[in-house]
Every structure is written in structure tokens, then in C-alpha cells.
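>>> I'd like to go over a predicted model; first the sequence, then the structure.
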Amino acid sequence: MKTLSTVGTVILFIIALISIVFGFLMVVGSTNQQSGSSTWLVPGFLIIGFGLVCVVAAIILISVSRRKAKQEAAAQNVSINVDLPGQMKIDAMKCQKCGGELSSANITMVNGAPVVTCPYCGSTYQMTEEPKW
């Protein structure tokens, strides 16, 4: 989807550039007294106007694609799975400071490490796995 809008934007800018250049040449050519014709003036301005409309359409296409990209980035869900090498029993975890009962809802991931926040005393500390030996 992103490449399609990028290609469309580039094509619109190319069409706009060509239209504005040829429209300008027609307007300038209509003022030439030897080979110019005043009938070139109106089509020249119309072609310039078409080029400007293409520029506006390309800018709108850019802003719409940026808005969609921001919405998609905000809608992403991130899940973190912690793979521990040994078995862990989480039957009854207790706070190291006050001895209050902790649950899995009190565990959050901060900078890639599990951090426990006690709902009773408010202390926070990083969970560590005790060695098996």
C-alpha cells in the first residue's frame, strides 16, 4: 500500500511538472508577435491550472498516507514472551519488603526485564531467577 501511494505521488508530480512547463511555454508563445497566437493563452492557463491541481492532489495523497501510517503504528500490539531455562513456581509470590501477596498482574516488563511492583507498600524491584545449583 505504501509503495502504491508513493508511485502515485511521483506520477502526479511528474504530470504536474510537465503540465506547468508546457502551459508556461504556451502562455509565453502566445505573446510572440511573429509566430504566436492569442488563442494559445487560454489553453496555456488551463494546462498550468491542471498542473497545480495535480500538485495539490499529490500533497493530499502524501498527507493521507502519513496519517494511515501513524494509525497503523499506533494500532500495533506488542507481546513479550519470557523464556526461562528452568521451571518456575508462581503459586505464592511474596514482596521482599513487606511480605504482601503478589500476583502476575503486578509484574511488568521494563527495558526487557521483569519488574515487580508491590500493591501494598509500593516498592519495585527486578525479578531474578535463583540458580538451580
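Perfect, I can see it now.
>>> check which helix or strand covers the nearest residue to residue 6 once chain neighbours are set aside.
Nearest non-adjacent residue to residue 6, counting by Cβ to Cβ, 6 or more residues apart in numbering: residue 65, 7.7 Å away. Where C-beta positions appear, they are placed from N, C-alpha and C, glycine not excepted. Element membership for residue 65, per DSSP states H and E: helix 41-74.
>>> right, and the helix or strand after that helix?
Heading C-terminal from helix 41-74 (DSSP H and E), you reach strand 93-94.
>>> Show me what the helix or strand following that next one is packed against.
Later in the chain than strand 93-94, the nearest helix or strand by DSSP H and E is strand 101-102. On a contact count with 3 or more Cβ pairs under 8 Å, 6 or more residues apart in numbering; DSSP states H and E, strand 101-102 meets strand 93-94.
>>> what's near enough to touch the residue of the chain most remote from its centre?
The C-alpha centroid of the chain is most remote from residue 34, which lies 55.2 Å away (Cα atoms, centre = their mean). By Cβ atoms under 8 Å, 6 or more residues apart in numbering, the contact list for residue 34 is empty.
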